[in-house]
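**Q** From the sequence below, what's the structure:
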Amino acid sequence: MSDKATLLIVDDESVNLAVMSKILADQYTVRAANSGLRCLDIVNSQPRPDLILLDIQMPDMNGYEVLKQLKQNADISDIPVIFVTASDMEEDEQKGLEMGAVDFILKPIRPAILLARIKTQLLAKKAKDFLNENNNLLQCKVTENEQYFEHVIDSVPAAIYEATFPEFELTFLCSKIQQYTGLDYQQFNKGKLNWYEQIHPEDKNRIKKQINSVAENQEDCFQLEYRFFHADKKTIVWLEDNGSIEYDMDGKPKRIFGAILDIDDRKEAELKLLESSEATIKTVSRALEKRDPYTAGHQYNCARISKAIAEQLKLDDNVIKGIFQAAAIHDIGKIYLPSEILNKPTNLSYAEFGLVKTHPQVGYDIIKDVDFPWPIAKIILQHHERNDGSGYPNGLKASEICIEAKILAVADVMDAMSSNRPYRKGLGIEAALAELELNVGKFYDEAIVKACIILFRDKGFSLQDA
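**A** From the prediction side, this is the model:
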């Protein structure tokens with residue numbers, strides 16, 4: 001096969017066809033047509049020409065009409081057309097170029113000009129074809145990569161997403177979310193569904209605060225757990241959102257990338273574990289009550305006070321629950337003590353008090369191997385430690401004591417001083433509060449004491465309330 005480009009000359013004058021054919025024959029494969037209709041027949045057959053030299057003034061169908069039909073056919077519309085005409089009217093040239101001709105050559109033909117113009121347009125066509133071919137290859141590669149990317153995303157056990165910050169508007173969400181929520185992921189991607197609006201109302205503000213806090217501190221990652229409305233608008237599903245924030249050059253957050261997991265099964269398991277843990281604690285508390293009704297009553301009061309203080313401090317719900325459960329059995333170590341010491345109607349001797357001081361460690365040893373979802377054993381161990389290190393059993397100081405134990409220490413003082421004991425009558429709420437105020441900062445945490453005072457003096461918290 002010849003590597004020469006194929007040119008189609010279209011002219012109703014045979015002399016013009018012969019002249020141009022002679023000029024071009026050495027460099028190109030030349031075909032000729034003496035009418036517009038013949039031109040269209042040739043162009044629609046194979047092989048098609050690489051360029052067309054088209055006369056304007058022809059009977060039956062002029063060059064403009066031929067060009068119009070060429071451009072209307074997508075298969076041949078990219079063949080470059082050069083008008084070759086005797087007309088030197090500027091409006092003819094302008095019309096031809098507007099219709100899609102690539103050049104305009106005046107008769108009589110000057111060979112050098114004709115050859116140069118053809119060479120230029122063929123090079124331009126070659127470059128255009130090369131770019132189109134590479135664009136098609138790139139598009140195929142992009143499509144292939146997109147399909148591979150979708151396959152990878154679908155194989156990940158999470159719903160991948162991208163969202164704007166701070167609007168939290170989704171710019172991408174993969175299809176796996178439909179398995180979790182029943183909602184059509186395409187509706188999210190088209191902006192017809194707002195992700196934030198599907199989150200349970202009680203969780204909305206919390207997760208927004210958490211994300212904003214991460215952004216303000218310019219941290220990279222966050223992990224959220226929240227409830228989400230299923231497509232049926234009745235079922236609630238638990239989702240875990242593991243995300244990262246992208247910042248611009250000025251350190252301002254601009255986008256969020258994340259992966260969402262369905263944690264319904266895990267939450268159900270956690271709930272069963274909580275129920276089991278709470279049942280265990282209730283069982284232990286009842287056992288203590290059988291042995292010593294005073295101890296059980298004291299522990300329940302401490303649990304109520306501790307919970308109320310923790311709520312006043314706006315601690316996390318799970319922390320509050322853990323404090324309540326720990327306080328309900330915080331004196332479990334006293335099961336080791338003789339009942340004669342626990343119920344002694346007079347002050348304890350030095351040796352007896354030394355024995356009593358072992359109960360946090362004993363309680364820790366009893367509980368430490370039980371797999372509670374809260375640090376129960378640690379709270380029990382530390383509830384008699386004091387800020388200045390004068391507490392027991394390990395003489396821990398402020399920063400070494402967990403906040404749950406600090407809260408329980410204050411609650412313990414409130415109930416112990418205000419309630420009746422075998423060796424004295426209760427001293428009352430104000431006496432207990434006075435003790436806390438006297439030793440705030442020294443023995444007891446300042447914020448916790450303040451919260452306790454607000455509860456009893458301002459909010460009327462009572463130990464008599466069930």
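
**Q** contacting residues around stretch 428-438?
**A** Contacts to stretch 428-438, defined as C-beta atoms under 8 Å, 6 or more residues apart in numbering, come from residues 410, 413-418, 444, 449, 452-453, 456-457, 463. C-beta here means a position set from N, CA and C on the backbone, and glycine is covered the same way.

**Q** Buried residues in it, which are they?
**A** Using 16 or more other C-beta atoms under 10 Å as the test for burial, stretch 428-438 gives Ile429, Ala432, Leu433, Glu435, Leu436.

**Q** same check, this time on stretch 66-74
**A** In stretch 66-74, counting by 16+ other C-beta under 10 Å, buried: Val66, Leu67, Gln69, Leu70, Lys71.

**Q** before we move on, what about stretch 212-232?
**A** Judged by neighbour count (16+ other C-beta under 10 Å), stretch 212-232 contains these buried residues: Val214, Ala215, Phe222, Leu224, Tyr226, Arg227, Phe228, Phe229.

**Q** Adding secondary structure and pLDDT as columns, could you present those residues in CSV?
**A** Below are those laid out as CSV (DSSP: H, G, I helix; E, B strand; the rest coil; pLDDT from 0 to 100):
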residue, secondary structure, pLDDT
Val214, helix, 89
Ala215, helix, 89
Phe222, strand, 89
Leu224, strand, 90
Tyr226, strand, 91
Arg227, strand, 91
Phe228, strand, 90
Phe229, strand, 90
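
**Q** Any regions of the stretch 351-466 of the chain where pLDDT drops low?
**A** By pLDDT under 70, the low-scoring segments of the stretch 351-466 of the chain are 420-424, 426, 464-466.

**Q** re the thing from before, which two of the buried residues of stretch 212-232 have the greatest separation?
**A** Distance extremes for the buried residues of stretch 212-232: the farthest pair is Ala215 and Phe229 at 25.5 Å, using C-beta to C-beta.

**Q** for the helix or strand that contains Ala18, packing partners?
**A** Here Ala18, judged by DSSP states H and E, is contained in helix 14-24. Helices and strands touching helix 14-24, as assessed by 3 or more C-beta pairs under 8 Å, 6 or more residues apart in numbering; DSSP states H and E, comprise strand 6-10, strand 29-33, helix 111-155.

**Q** follow-up on the earlier one: so which of the buried residues of stretch 212-232 comes closest to Thr120?
**A** Distances from Thr120 to the buried residues of stretch 212-232, taken as C-beta to C-beta, are shortest for Ala215 (56.8 Å).

**Q** Give the full set of residues in contact with the closest one.
**A** By C-beta under 8 Å, 6+ apart, Ala215 lies in contact with Phe165, Pro166, Ile245, Pro253.

**Q** Am I right that the last one is in contact with Phe168?
**A** No - counting by C-beta atoms under 8 Å, Pro253 does not reach Phe168; the two are 11.3 Å apart.

**Q** These two: which has the busier surroundings?
**A** Using other C-beta atoms under 10 Å as the criterion, Pro253 and Phe168 rank with Pro253 on top: 18 against 15.

**Q** for that one, what are its contacts?
**A** Pro253 neighbours (C-beta under 8 Å, 6+ apart): Phe165, Pro166, Ala215, Ile245, Glu246, Tyr247.

**Q** got a markdown table for the residues you listed, with secondary structure and distance to Leu193 too?
**A** Shown next, in a markdown table, are the contacts of Pro253 (DSSP: H, G, I helix; E, B strand; the rest coil; distance: C-beta to C-beta, whole Å):
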| residue | secondary structure | distance to Leu193 |
| --- | --- | --- |
| Phe165 | coil | 19 |
| Pro166 | coil | 19 |
| Ala215 | helix | 24 |
| Ile245 | strand | 23 |
| Glu246 | strand | 23 |
| Tyr247 | strand | 27 |
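
**Q** What subset of the residues you listed is buried?
**A** Counted by 16+ other C-beta under 10 Å, the contacts of Pro253 give Phe165, Ala215, Ile245 as buried.

**Q** and of the residues you listed, the nearest to Leu173?
**A** The closest of the buried ones among the contacts of Pro253, once distances to Leu173 are taken by C-beta to C-beta, is Phe165, at 15.6 Å.

**Q** Please report how far the closest one lies from Pro253.
**A** 5 Å (C-beta to C-beta, to the nearest Å).

**Q** list residues touching both of the two?
**A** Ala215, Ile245.

**Q** which residues of this structure score low on pLDDT?
**A** 1-2, 142-143, 145-156, 285-296, 340, 342-343, 345, 420-424, 426, 464-466.

**Q** Next, please give the residue ranges for the strands of it.
**A** Ranges of strands within the chain are 6-10, 29-33, 51-54, 81-85, 103-106, 159-164, 170-173, 221-229, 236-247, 253-262, based on DSSP state E.

**Q** so of those strands, which one's packed in deepest?
**A** Mean neighbour count (mean count of other C-beta atoms under 10 Å) peaks for strand 51-54 among these, with a mean of 26.

**Q** Dump the helices and strands packed on helix 14-24 to TSV, plus distance to Asn205.
**A** Below are the helices and strands packed on helix 14-24 laid out as TSV (distance: least, C-beta to C-beta, whole Å):
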stretch	distance to Asn205
strand 6-10	72
strand 29-33	76
helix 111-155	30
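
**Q** Out of the ones you listed, flag the one nearest Asp203.
**A** Per C-beta to C-beta, nearest to Asp203 of the helices and strands packed on helix 14-24: helix 111-155, 25.7 Å.

**Q** Report all helices and strands that that closest one contacts.
**A** Short answer (3+ C-beta pairs under 8 Å, 6+ apart): helix 111-155 packs on helix 14-24, strand 51-54, strand 81-85, strand 103-106.

**Q** mind running it again at 10 Å?
**A** The helices and strands touching helix 111-155, judged by 3 or more C-beta pairs under 10 Å, 6 or more residues apart in numbering; DSSP states H and E, are helix 14-24, strand 51-54, strand 81-85, strand 103-106, strand 159-164.

**Q** can you give me the offset of the third one from its chain's centre?
**A** It stands for strand 81-85. How far strand 81-85 lies from its chain's middle: 60 Å, per C-alpha atoms, centre = their mean, to the nearest Å.

**Q** Mind giving me the packing neighbours of it?
**A** By 3+ C-beta pairs under 10 Å, 6+ apart, strand 81-85 packs against strand 6-10, strand 51-54, helix 63-72, helix 90-99, strand 103-106, helix 111-155.

**Q** Give me the angle between it and helix 90-99.
**A** Relative orientation of strand 81-85 and helix 90-99, computed by axes from the mean of the first three to the mean of the last three C-alpha atoms, to 10 degrees: 160 degrees.

**Q** For stretch 175-185, buried residues please.
**A** Going by neighbour count (16+ other C-beta under 10 Å), the buried part of stretch 175-185 is Lys176, Ile177, Gln178, Tyr180, Thr181, Leu183, Tyr185.

**Q** Which of those fall within helices?
**A** Ile177, Gln178, Tyr180, Thr181, Tyr185 (DSSP state H).

**Q** could you measure Ala326 against Leu355, distance?
**A** Applying C-beta to C-beta, the value for Ala326 to Leu355 is 23 Å.
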